[in-house]
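*Asks:* From the sequence below, what's the structure:
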Amino acid sequence: MIPAKEYIREKYKKKRALLSDQDKMDLDQKIKARAIDWLKSGDFPKKVHLFLPIEKQKEVDTFPLLEWFWENGWDVYSSKISSESLDMETIFLEPNTSFTTSTWGIPFPNDYQEVEVQEFSLIFLPLLAYDRSGYRIGFGKGYYDKFLADIDFDPVKVGLSYFTPEQSLPYESHDIPLDFCITPEKIFTF
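*Replies:* Numbers count the residues shown, from 1 in each chain. This is a model prediction of the structure:
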């Protein structure tokens with residue numbers, strides 16, 4: 001029997017919580033290096049949508065990737081949640097943007113441009129867990145699945161994780177699987 005999503009969420013929150021600060025930094029560095037090698041080996045149009053990590057949730061640190069994208073001439077987009085609709089709105093991140101942390105612990109740019117959704121080639125998605133088919137479990141709000149369902153193009157969907165995949169996870173018809181997940185040890189393809 002497949003464990004319930006809430007059980008999986010709690011399991012991976014605990015696994016993250018057990019990472020020491022040094023272990024997390026080491027794993028973040030390995031993920032960054034593996035991601036950059038993978039990006040260099042591909043022929044992607046230089047437009048990317050990147051999640052910004054919630055530090056208190058010990059999400060994979062994407063700021064080193066953000067710096068790499070800027071240094072290599074990529075257009076970088078991220079999202080913010082609309083206070084009215086609770087939908088994700090696309091924002092453009094200018095090089096060298098500075099950030100503050102919101103009351104929810106989410107990094108937020110001090111200066112940004114809200115833009116129409118751009119046809120980015122890659123989207124890096126946050127996750128708590130994922131399985132061997134690419135289905136992911138996040139914090140349960142469904143923001144990214146709704147966002148992906150609402151756009152009219154199909155970017156390469158990439159997860160970042162400290163851990164290996166589960167054999168299978170519960171998913172629903174509206175859940176959109178990853179194409180890849182980058183871990184410290186390898187890249188999983190789905």
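
*Asks:* Mind listing what's buried along the longest helix seen in the chain?
*Replies:* The helix spanning the most residues in the chain, taking DSSP state H as the definition, is helix 21-41. For helix 21-41, burial by neighbour count (16 or more other CB atoms under 10 Å) applies to 24, 27, 28, 31, 32, 34, 35, 36, 39. (Each C-beta comes from the backbone N, C-alpha and C, glycine too.)

*Asks:* Residues touching that helix, excluding its own?
*Replies:* With contacts defined as CB atoms under 8 Å, 6 or more residues apart in numbering, helix 21-41 is touched by 19, 58, 60-61, 64-65, 68, 158, 160, 162, 180, 182-187.

*Asks:* hmm, 6 Å instead?
*Replies:* With contacts defined as CB atoms under 6 Å, 6 or more residues apart in numbering, helix 21-41 is touched by 60, 61, 64, 65, 68, 160, 162, 182, 184, 187.

*Asks:* One more: stretch 91-110?
*Replies:* Counting by CB under 6 Å, 6+ apart, 52, 54, 56, 70, 76, 77, 78, 80, 112, 113, 114, 115 sit against stretch 91-110.

*Asks:* what's the closest non-adjacent residue to residue 119?
*Replies:* Once flanking residues are discounted, residue 119 sits nearest to residue 153: 4.9 Å by CB to CB, 6 or more residues apart in numbering.
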